[in-house]
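Engineer: Only the shape, not the letters, is given here:
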């Protein structure tokens, strides 16, 4: 179970966006979060991303400099009270580890890369933190980032629909106004393209409907401040105000000439792309007005952390939903989980395994049979595909990659290449998690509800010692044969299994 938050304990959330990096630090007070510090730096990570998914040395340098400063601020916090989330630009990197390895070193913390829909979920939570929702009403939340834009419909605290499109203020400005010119004809052609992208979900969203619209992110805040400064609207962004802002932009003719009241210097080069996306969203979704939210994904990360430290961990619900969807045998999953955790706890301290690894073993045990709903043959491969490619709320892309590796390797010949594809820091812990899961599945192959005898597992380097009562082994010939076969299979992972009759 997660370690409960103590009164007064600090938490930190770090949002590695495509335009800016943000960090907020909050104190846990009476079950609530009280913000105590906030940092923001314009990094423009997306500006350094080329079409092949490579990141320029200049963008990497800006990111590492920022993360080293953020790292100093959170150095005294326990690692499990800090979450750093990377979004669209890091998702699009051809070799994410080229960025993640030095970035994690600079920050001193693990960095999670989340899918677009998981990003959308966290955005919705963050907006709800600053603008508590009415549980009887649906709301639409739009967040325009540097590299992607998220659209979420939710009721109360629960997101119902989530979409993430590959268009953000940096990406769209570069795509449609690469030479800096912003003429009327070009604007209309760009607007038509973006509206076409929105059409893939706009009709379904309109059918579902919503009663209020909120816009999150720095770009939408900037637009709200500019239309207010121009006297086009007060407190809200309206369709008429957006039209007026677009006309003001077109008057300048070029990106570098844009000068507007309320527009900051760092937002000026990317404002056109943000206004373009928002105008398209207003038109395609039939919006008349939008309230500007003061909170966004970073607050959502904190809310999610608060849930993880209580009985509201969304990952538990996601795993349970996955098991139900694929009709997993709950009794067998419980047996495998119980034994896997007994074995895990026996080796954890000596092998340097922690709560994160234990949770992954728990969840993998609960869904290790999801592939059976597709086909019995090679069901470990089918299950791994499901875990790797499903939208699973609460999990980062790395989490899902590790869970998929555990499912892929829980039976038959383990895949060395699957483990080699993991981030380097995750390979050895995952190998040990594979070991305990494989042994638990093997020992419960018969689905016998009778409890197992006392087990003892030790790992010394590459040598694995499993001790079982001799009398029990003698009366279970199939298990003895399976353990002999397992010894040969584990050799593929450079592990030597020695079974001792106690």
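Structural biologist: In hand now; what should we look at? As the structure is a computational prediction, the values presented were derived from the model and not from experiment.
Engineer: make it CA atoms for all contacts and neighbour counts henceforth
Structural biologist: Will do.
Engineer: ok, how many other residues are close to the residue nearest to residue 269 when sequence neighbours are not counted?
Structural biologist: Here the nearest residue to residue 269 in space, its sequence neighbours aside, is residue 255; by CA to CA, 6 or more residues apart in numbering that works out to 6.3 Å. A count of nearby residues for residue 255, using other CA atoms under 10 Å, gives 21.
Engineer: surely residue 255 meets residue 267?
Structural biologist: No - contact criterion CA atoms under 8 Å: residue 255 and residue 267 do not qualify, at 11.1 Å.
Engineer: about what we covered before: for the residue nearest to residue 269, give me its contacts.
Structural biologist: 180, 181, 182, 268, 269, 272 (CA atoms under 8 Å, 6 or more residues apart in numbering).
Engineer: Would you mind checking those residues for buried ones?
Structural biologist: Among these, those classed as buried by 16 or more other CA atoms under 10 Å are 181, 182, 268, 269, 272.
Engineer: Output these in a markdown table; the columns should cover distance to residue 208 and pLDDT.
Structural biologist: Formatted as a markdown table, the buried ones among the contacts of residue 255 follow (distance: CA to CA, whole Å; pLDDT from 0 to 100):
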| residue | distance to residue 208 | pLDDT |
| --- | --- | --- |
| 181 | 38 | 97 |
| 182 | 35 | 96 |
| 268 | 36 | 96 |
| 269 | 36 | 96 |
| 272 | 30 | 97 |
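Engineer: Now, these that are in strands?
Structural biologist: Of the buried ones among the contacts of residue 255, none are assigned to strands by DSSP state E.
Engineer: Format these as TSV; extra columns: distance to residue 134.
Structural biologist: Shown next, in TSV, are those (distance: CA to CA, whole Å):
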residue	distance to residue 134
181	44
182	41
268	35
269	37
272	33
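Engineer: Out of these, list just those in helices.
Structural biologist: residue 272 (DSSP state H).
Engineer: quick one: which of the buried ones among the contacts of residue 255 is nearest residue 427?
Structural biologist: residue 269 (41.5 Å; CA to CA).
Engineer: Test my guess that that closest one contacts residue 256.
Structural biologist: Yes - counting by CA under 8 Å, a contact exists between residue 269 and residue 256, whose distance comes to 6.8 Å.
Engineer: Look up phi and psi at the closest residue to residue 412 other than its chain neighbours.
Structural biologist: Spatially, and ignoring its direct neighbours in sequence, residue 412 is nearest to residue 489 (7.6 Å; CA to CA, 6+ apart). Reported as degrees, to the nearest 10, the phi and psi values for residue 489 are phi -70, psi -40.
Engineer: now residue 410
Structural biologist: Dihedral angles (degrees, to the nearest 10) for residue 410: phi -80, psi -10.
Engineer: Spatially nearest residue to it, not counting backbone neighbours?
Structural biologist: residue 438 (4.8 Å).
Engineer: In contact with the one you found: list those residues for me.
Structural biologist: With CA under 8 Å, 6+ apart, residue 438 has these contacts: 409, 410, 411.
Engineer: and those residues as TSV, adding neighbour count?
Structural biologist: TSV is the format used below for these (neighbours: other CA atoms under 10 Å):
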residue	neighbour count
409	24
410	28
411	22
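Engineer: Redo the residues you listed as TSV? Include pLDDT.
Structural biologist: Formatted as TSV, these follow (pLDDT from 0 to 100):
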residue	pLDDT
409	98
410	98
411	97
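Engineer: how far away is residue 472 from residue 479?
Structural biologist: 10 Å (CA to CA, to the nearest Å).
Engineer: Which one's more surrounded, those two?
Structural biologist: A side-by-side neighbour count of residue 472 and residue 479, using other CA under 10 Å, places residue 479 first with 18 against 15.
Engineer: any weak-confidence spans in the chain?
Structural biologist: 1-2 (pLDDT under 70).
Engineer: Without its sequence neighbours, what residue ends up closest to the residue most central in space within it?
Structural biologist: With distances taken as CA atoms, centre = their mean, residue 114 lies nearest the centre of the chain, 2.6 Å away. Closest residue to residue 114 apart from its sequence neighbours, by CA to CA, 6+ apart: residue 396 at 4.5 Å.
Engineer: Next one: that neighbour from residue 115, what distance?
Structural biologist: Distance from residue 396 to residue 115, by CA to CA: 7 Å.
Engineer: Not counting sequence-adjacent ones, nearest residue to residue 480?
Structural biologist: residue 473 (6.5 Å).
Engineer: how near is the one you found to residue 412?
Structural biologist: Residue 473 is 21 Å from residue 412, by CA to CA.
Engineer: neighbour count winner among those two?
Structural biologist: residue 473 (17 against 13).
Engineer: hang on, the earlier thing: what is the subsequent helix or strand relative to the helix or strand the residue nearest to residue 410 falls within?
Structural biologist: Secondary-structure assignment from DSSP states H and E places residue 438 in helix 424-443. Using DSSP H and E, the helix or strand that directly follows helix 424-443 along the chain is strand 456-460.
Engineer: Can you tell me the strand partners of that following strand and which way each runs?
Structural biologist: Sheet pairing for strand 456-460, assigned by DSSP bridges, gives strand 463-468 (antiparallel).
Engineer: which residues touch the next helix or strand after the partner strand?
Structural biologist: Remark: after strand 463-468, the chain's next helix or strand is helix 470-474, criterion DSSP H and E. With CA under 8 Å, 6+ apart as the test, helix 470-474 has contacts from 453, 479, 480, 500, 501, 502.
Engineer: do the same with stretch 74-94
Structural biologist: Contacts for stretch 74-94 (CA under 8 Å, 6+ apart): 10-18, 45-46, 49, 52-55, 96, 99, 108-116, 119, 147-148, 166, 301, 305.
Engineer: No further questions, thank you.
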